[in-house]
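Undergrad: 3D model of this:
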Amino acid sequence: MKIVRFFLLLFLFLTVLKADAIQDIKIEENASLGLNDCIKIALNNSPVIKRYILNMNIASSNVGMAKSAYFPTIGVGVSYDQRMGRRRHAGYDTRTLPGFDASLSQLLWDFGKTMADVRMEKFNKIAAEFDFDEGVLTTIFNVKLKYYGVLAAKSLMEVARLNVQMNERNYQRTQAYYEEGIRSKIDVVNAEANLSDSKISLVQAENTYKNAIVELNNSMYVAYAPEYSIQNTETFNLNNPYVPMSLRNIDNYSKLLELPPDVTNAVYSTSVEKSNVLKDYIFQKYPYTFEKSVSIAKENRPDLKALNATVKAMRQNVLYTKRMYLPELSGGVGYSYSNNRGYYDSGMSVGLSLSSNFNIKQVKHQVDIANSNLLLAKTEVDLLNQNLYFDIQSAYVDMIQLEKQIPLLETKVRQTLENLELADGRYEVGLGDYIQLQDARMNYNNAQSSYVQAIYNYNVARATLEREIALPQVETLTVEDVKDYQKEELKQDKKDQKTLKKLKKNSKKENV
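TA: Got it, this is the predicted structure:
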């Protein structure tokens, strides 16, 4: 018996664990997540998505309730009538008269009121399903924004880290030159100040990166997330630029003072080109024209479809309200039984009724409200169509501008790198001053930062445009997925209940 109870408790415990695992997806320690992985986690964990699923279930139940008017209504009643009175020559008399009633009534015709109500609830159900699709798109879009934000923050953090390394090397080199009497004290002070500034910038960049991770966790609805890493995307290939810059001969002052073989071609001796934060950048132009994008949006936008379904529901609501003036034809069958002074009285009854019950003024205002709701729904559709056009136009223009800027910024990074190499080489051989070197370094860092920011802005603009036209996504969640999951969950619940009954039955046998 104890063994059966143990397995019974174990079965219930595993069932609870399974239910929790279905609802939420956890992030494993040191996991490497791609964009689609983060989207999947968000779709499974989002309470907003779960709210839309519940709204769909409610809408489906409302359809069933509207259809219930087509089904018969059963009435059953039992009565006990106790009567007390004074009878002549017999004192008080107390009698209990039991009775039983049963009835079955069926709506035969209500001049289309129920039909309009059913159609209205069906359109409301369709609108709820499109609202669900809209919630899925919004969730995916939010994850994309935060994901690209993490990639950008990581890139800028690595730029700041490399800037510290460059300033560290330059400080040690300038200190060596000063001790040999080649450079003045002011160069050392400037190099030290720039090194401190670069360290402060690195701390700020690291804090920005941590905040970006927090925002990504929030978009995935994951609290207390463990340490994990994210992967590059096709349009945001982050190169880990943390390549320790060559500090060779940094402690050998004599070699630091040696001139290169060809002073005219003096370049940065640490191969700065290895520090580019983006590698193998794939620049794929957007495949659709503006007109095509608008056309796709009108076909795909779930919020537009939801509003159109709402308009249809409001039309049916107007019909339903107007038909409240009309009577209802119904039929009924009944049976009654009573016991009066020992005499039994029972009988069947069959009847038809045509009845109407309404308040003229109330129905009149209800019709006015229904017409106003219909006009309001149509206005919302017109407003969304106008906003849709301008929102797509704005997102499209932003994306095209960034498409033009990115190649120019990439060229600027190469140019500022070349300028930094030349300035560093001139400074090393005494042909350039420290201000020129620092300006070249700052221009190079700013160019890299601008390049990373442009890549981020482009990805955001493209994601925004894809969101505006409701472009199908690789990782998504559909109404069919939810229905399939609910069916499988129902089947599993039935299996679990059967297993539980067997365990209880075996436990009773052992007790006997």
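
Undergrad: Going by C-alpha atoms from here, please, whenever you check contacts or count neighbours.
TA: Will do.

Undergrad: how about whichever strand or helix holds residue 61: buried residues?
TA: Assignment of secondary structure by DSSP states H and E places residue 61 within helix 47-67. If you call a residue buried by 16 or more other Cα atoms under 10 Å, then helix 47-67 has these buried ones: 49, 50, 52, 53, 55, 56, 59, 60, 62, 63, 66, 67.

Undergrad: Same check on stretch 166-186?
TA: Result for stretch 166-186 [16+ other Cα under 10 Å]: buried residues 166-178, 183.

Undergrad: Kindly indicate which of the residues you listed lies nearest residue 418.
TA: The nearest member of these to residue 418, counting by Cα to Cα, is residue 166 at 15.1 Å.

Undergrad: Now do the host helix or strand of that closest one: distance to the chain's middle.
TA: Counting by DSSP H and E, the element that carries residue 166 is helix 113-179. With Cα atoms, centre = their mean, to the nearest Å as the basis, helix 113-179 stands 12 Å off its chain's centre.

Undergrad: which other helices and strands contact it?
TA: Helix 113-179 makes packing contacts with helix 35-45, helix 47-67, helix 185-219, helix 253-256, helix 302-322, helix 434-468, helix 479-511 when contacts are defined by 3 or more Cα pairs under 8 Å, 6 or more residues apart in numbering; DSSP states H and E.

Undergrad: what angle sits between the third one and helix 113-179?
TA: Going back to what we said before, that points to helix 185-219. For helix 185-219 against helix 113-179, the angle by axes from the mean of the first three to the mean of the last three Cα atoms, to 10 degrees is 160 degrees.

Undergrad: Pull out the buried positions in helix 185-219.
TA: 187-188, 190-192, 194-195, 198-199, 201-202, 205-206, 208-209, 212-219.

Undergrad: so that helix versus helix 434-468, what angle?
TA: Using the same axes, to 10 degrees: helix 185-219 against helix 434-468 is 10 degrees.

Undergrad: contacting residues for the residue nearest the centre of the chain?
TA: By Cα atoms, centre = their mean, the chain has its centre lying nearest to residue 139, at 1.7 Å. Residue 139 makes contact with 39, 42, 43, 219, according to Cα atoms under 8 Å, 6 or more residues apart in numbering.

Undergrad: do residue 156 as well
TA: Here residue 156 is in contact with 205, 449, 452 (Cα under 8 Å, 6+ apart).

Undergrad: distance of it from residue 32?
TA: Residue 156 sits 20 Å away from residue 32, going by Cα to Cα, to the nearest Å.

Undergrad: Over to residue 391?
TA: For residue 391, the distance to residue 32 - Cα to Cα - is 35 Å.

Undergrad: Looking at those two, which one has more neighbours?
TA: Ranked by neighbour count (other Cα atoms under 10 Å), residue 391 and residue 32 place residue 391 first, with 17 against 13.

Undergrad: Hmm, residue 467 and that one touching each other?
TA: No: assessed by Cα atoms under 8 Å, residue 391 is found out of contact with residue 467, at 10.4 Å.

Undergrad: just checking, residue 409 touches residue 453?
TA: No: using Cα under 8 Å, residue 409 is not in contact with residue 453, being 10.2 Å away.

Undergrad: what about the nearest residue to residue 396 once chain neighbours are set aside, how many residues close to it?
TA: Among residues not flanking residue 396 along the chain, residue 465 sits closest, at 6.4 Å (Cα to Cα, 6 or more residues apart in numbering). By the measure other Cα under 10 Å, the count of residues near residue 465 is 24.

Undergrad: quick one: contacts for residue 465?
TA: Counting by Cα under 8 Å, 6+ apart, residue 465 has contacts 392, 395, 396.

Undergrad: Reformat those residues into CSV and put neighbour count next to each item.
TA: Shown next, in CSV, are those (neighbours: other Cα atoms under 10 Å):
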residue, neighbour count
392, 22
395, 20
396, 22
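
Undergrad: Which one of the residues you listed is nearest to residue 127?
TA: For those, the nearest to residue 127 is residue 392 (22.9 Å; Cα to Cα).

Undergrad: SS state for the closest one?
TA: When classified by DSSP: H, G, I helix; E, B strand; the rest coil, residue 392 comes out as helix.

Undergrad: give the contact list for it.
TA: Residue 392 sits next to 290, 293, 294, 465, 468, 469 when contact means Cα under 8 Å, 6+ apart.

Undergrad: Quick one: which of the residues you listed is the most crowded by neighbours?
TA: residue 468 (26 neighbours).

Undergrad: what pLDDT does the closest residue to residue 154 other than its chain neighbours get?
TA: Using Cα to Cα, 6+ apart and skipping residues adjacent in sequence, the residue nearest residue 154 is residue 209, 5.9 Å away. We have a pLDDT of 92 for residue 209.

Undergrad: Can you report how many residues lie near the nearest residue to residue 212 once chain neighbours are set aside?
TA: Residue nearest to residue 212 in three dimensions, not counting chain neighbours: residue 150, with 5.1 Å by Cα to Cα, 6+ apart. Neighbour count for residue 150, taken as other Cα under 10 Å: 23.

Undergrad: what's the answer for residue 43, then?
TA: Residue 43 has 26 nearby residues by other Cα under 10 Å.

Undergrad: residues contacting it?
TA: Here residue 43 is in contact with 49, 136, 139, 140, 220, 476, 477 (Cα under 8 Å, 6+ apart).

Undergrad: Distance of the third one relative to residue 465?
TA: It refers to residue 139. For residue 139 relative to residue 465 (Cα to Cα), the value is 15 Å.

Undergrad: Could you do the first one as well?
TA: Between residue 49 and residue 465 the distance, using Cα to Cα, works out to 22 Å.

Undergrad: what's the answer for the last one, then?
TA: Counting by Cα to Cα, the gap between residue 477 and residue 465 amounts to 20 Å.

Undergrad: now swap in the fifth one and tell me
TA: Remark: distance between residue 220 and residue 465 (Cα to Cα) = 21 Å.

Undergrad: For this structure, which residues score under the pLDDT cut-off?
TA: 1-24, 81-97, 238-283, 339-345, 429, 504-505, 507-512 (pLDDT under 70).

Undergrad: Can you show me the CA trace of stretch 389-403 as PDB?
TA: Output in PDB follows, covering the C-alpha atoms of stretch 389-403 (Å, rounded to 0.1, in the frame of the first residue of the first chain):
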ATOM      1  CA  TYR A 389       0.300  54.000 -45.300                       C
ATOM      2  CA  PHE A 390       2.200  56.800 -43.500                       C
ATOM      3  CA  ASP A 391       3.800  54.400 -41.000                       C
ATOM      4  CA  ILE A 392       5.100  52.200 -43.800                       C
ATOM      5  CA  GLN A 393       6.300  55.200 -45.700                       C
ATOM      6  CA  SER A 394       8.200  56.500 -42.700                       C
ATOM      7  CA  ALA A 395       9.800  53.200 -41.900                       C
ATOM      8  CA  TYR A 396      10.700  52.600 -45.600                       C
ATOM      9  CA  VAL A 397      12.300  56.000 -46.000                       C
ATOM     10  CA  ASP A 398      14.400  55.500 -42.800                       C
ATOM     11  CA  MET A 399      15.600  52.100 -44.000                       C
ATOM     12  CA  ILE A 400      16.500  53.300 -47.500                       C
ATOM     13  CA  GLN A 401      18.500  56.200 -46.000                       C
ATOM     14  CA  LEU A 402      20.400  53.800 -43.800                       C
ATOM     15  CA  GLU A 403      21.100  51.500 -46.700                       C
END
